[in-house]
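**Student:** Sequence and predicted structure are below.
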Amino acid sequence: MIHYTPLSDYDIIEDDLSSYEKHQTMTIDGKMCRVEQLDDGSYQLVQLLSTDPQDYLNQQYMPGTILTNGLST
Amino acid sequence: MGKEETTKKGQDQEQEQDQNSQSSLMQKIQQLGQSNVPQAPDSNIHILPIIGQVEGHVQLPPKNKTTKYEHLIPQIIAIEQNPKIEGVIVLLNTVGGDVEAGLAISEMIASLSKPSVSIVLGGGHSIGVPIAVATDYSFIAETATMTIHPIRLTGLVIGVPQTFEYLDKMQERVINFVTHHSNVTEEKFKDLMFAKGNLTRDIGTNVIGDDAVECGLIDAVGGVSHAMKKLNELIGENKQQDQQVIQ
């Protein structure tokens, strides 16, 4: 792997492996989203992965939303 | 006591009747299909955001904002396949990333049969450059920058000549792609890449808005409205060509 970026490797790579476990990708009502698990076990939506601009207007997929039900991994 | 009870009963009955008439009204509305909430029409233009680091074969720590090729490439295929989608806008605000993943995304965008337009917002550095030029037409915001610098290697090097040759080939791939898909000449692009004194910690050049257009790397300076206008123009041309083929 060759990284082609003006940033230094130290800025990109860190040693804390536990941070990987908190992040995952899941589908919410058919749309792929990146979520982060919070300390209380619930999930927070980090990023919506869609190419349809209309999806970004849907409040359900607003970044920062805490997900409570209707999840499918 | 008795009087109160009867009035209470009367109120309950009224309420029940009210509820009944409401629910039957709801049923009627549902049957007539008039209770639908108006929905936004499907967009014929889709977007591909390329943000943060372009992630390759190694997963980067979550503190980085990343664009993963395993997400993007299926999306590009879906855009190509869906007849309702007529054009793509690629939004770039990236600091570069994995060479192979970046080139893979660039090649996928370049080989789309549907019109594509890119906008460099903020920054389109390093591997962001081939992605930006891969589209049919490219825009850069007036304040956006693109850093062009040589590909480097950090860490353990075994066999210096071989490593140098490998790096040189990697660099050649990027240079070839950029010169084939934009108006910049190989000579000019190499000049920018190996220029001294422009960057504090590295050799290379940081081209801003107008400069990127001047050297032929990007087609025009502009923002969202310019990009939408250009894309709609390209979609129109694409449709005309299709009709001619049918006739």
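**Tutor:** Nice, thanks for sending it over. Residues are numbered from 1 along each chain as shown, chains lettered A, B, ... in the order given.
**Student:** what stretches of chain B score poorly on pLDDT?
**Tutor:** Applying pLDDT under 70 to chain B picks out residues B:1-22, B:25-40, B:155.
**Student:** Three-state assignment for whatever residue of it ends up closest to chain A, please.
**Tutor:** Chain A sits closest to B:G96 of chain B, with a gap of 3.3 Å, by CB to the nearest CB. C-beta here means a position set from N, CA and C on the backbone, and glycine is covered the same way. What DSSP: H, G, I helix; E, B strand; the rest coil gives for B:G96 is strand.
**Student:** Spit out the contact partners of B:L234.
**Tutor:** Contacts for B:L234 were tallied using CB atoms under 8 Å, 6 or more residues apart in numbering or on different chains; they are B:G87, B:P115, B:V117, B:D136, B:Y137.
**Student:** Just the element for it, please.
**Tutor:** Using DSSP states H and E, B:L234 sits within helix B:224-246.
**Student:** hmm, back to that, list the contacts for the residue of chain B closest to chain A?
**Tutor:** A:3-7, B:53-54, B:102, B:125-128, B:147.
**Student:** Most neighbours of all these, which one?
**Tutor:** B:V54 (32 neighbours; other CB atoms under 10 Å in any protein chain shown).
**Student:** Correct me if wrong: it contacts B:D98.
**Tutor:** Yes. When contacts are counted by CB atoms under 8 Å, B:V54 is listed as touching B:D98 (5.7 Å).
**Student:** if we can go back for a sec, what separates the residue of chain B closest to chain A from B:D202, distance-wise?
**Tutor:** As judged by CB to CB, to the nearest Å, B:G96 and B:D202 stand 12 Å apart.
**Student:** Residues in contact with both of the two, list them for me.
**Tutor:** By CB under 8 Å, 6+ apart, the residues touching both B:G96 and B:D202 are A:P6.
**Student:** What residues does chain A have near chain B?
**Tutor:** For chain A, the residues in contact with chain B (CB under 8 Å from any CB of the partner chain) are A:1-7, A:9, A:12-14, A:16, A:19-20, A:22-23, A:25, A:32, A:36, A:49, A:51-54, A:57.
**Student:** In chain A, what residue spans correspond to strands?
**Tutor:** Using DSSP state E, the strands of chain A run over A:3-4, A:23-28, A:31-37, A:43-49, A:66-67.
**Student:** need these in a markdown table with mean pLDDT and distance to B:L60, can you?
**Tutor:** Below are the strands of chain A laid out as a markdown table (pLDDT from 0 to 100; distance: least, CB to CB, whole Å):
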| stretch | mean pLDDT | distance to B:L60 |
| --- | --- | --- |
| strand A:3-4 | 87 | 9 |
| strand A:23-28 | 88 | 11 |
| strand A:31-37 | 90 | 13 |
| strand A:43-49 | 91 | 14 |
| strand A:66-67 | 88 | 24 |
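**Student:** Could you say which of the ones you listed is packed most deeply?
**Tutor:** strand A:3-4 (a mean of 26; mean count of other CB atoms under 10 Å in any protein chain shown).
**Student:** For chain B, which residue occupies the most central location?
**Tutor:** Centroid check for chain B by CA atoms, centre = their mean gives B:L48 as the closest residue, at 2.3 Å.
**Student:** returning to what we had before: pull up the overlap in contacts between B:V54 and B:D98.
**Tutor:** Counting by CB under 8 Å, 6+ apart, the shared contacts of B:V54 and B:D98 are B:Y69, B:I127.
**Student:** Show me what residue of chain A gets nearest to chain B.
**Tutor:** A:T5 (3.3 Å).
**Student:** Distance check, that residue against B:L192.
**Tutor:** Applying CB to CB to A:T5 and B:L192 gives a distance of 17 Å.
**Student:** again with B:I208
**Tutor:** 12 Å.
**Student:** B:C215 now?
**Tutor:** From B:C215 to B:L192 the distance is 7 Å (CB to CB).
**Student:** Among the two, which residue is more densely surrounded?
**Tutor:** Between B:C215 and B:L192, B:L192 has the larger neighbour count (other CB under 10 Å), namely 23 against 19.
**Student:** where does the spatially closest residue to A:D9 that is not a sequence neighbour land in three-state SS?
**Tutor:** Nearest residue to A:D9, sequence neighbours excluded (CB to CB, 6 or more residues apart in numbering or on different chains): B:T154, at 5.5 Å. In three-state terms, and counting by three-state DSSP, B:T154 is coil.
**Student:** For B:T154, grab the count of nearby residues.
**Tutor:** By other CB under 10 Å, neighbour count at B:T154 equals 10.
**Student:** just to revisit the earlier point, can you give me every residue that contacts the residue nearest to the centre of chain B?
**Tutor:** A:T51, B:L72, B:Q75, B:I76, B:I79, B:V88, B:I89, B:V90, B:L91, B:I109.
**Student:** the inter-axis angle of the host helix or strand of the second one versus strand A:43-49?
**Tutor:** Assigned by DSSP H and E, B:L72 falls within helix B:69-81. Relative orientation of helix B:69-81 with respect to strand A:43-49: 50 degrees, computed using axes from the mean of the first three to the mean of the last three CA atoms, to 10 degrees.
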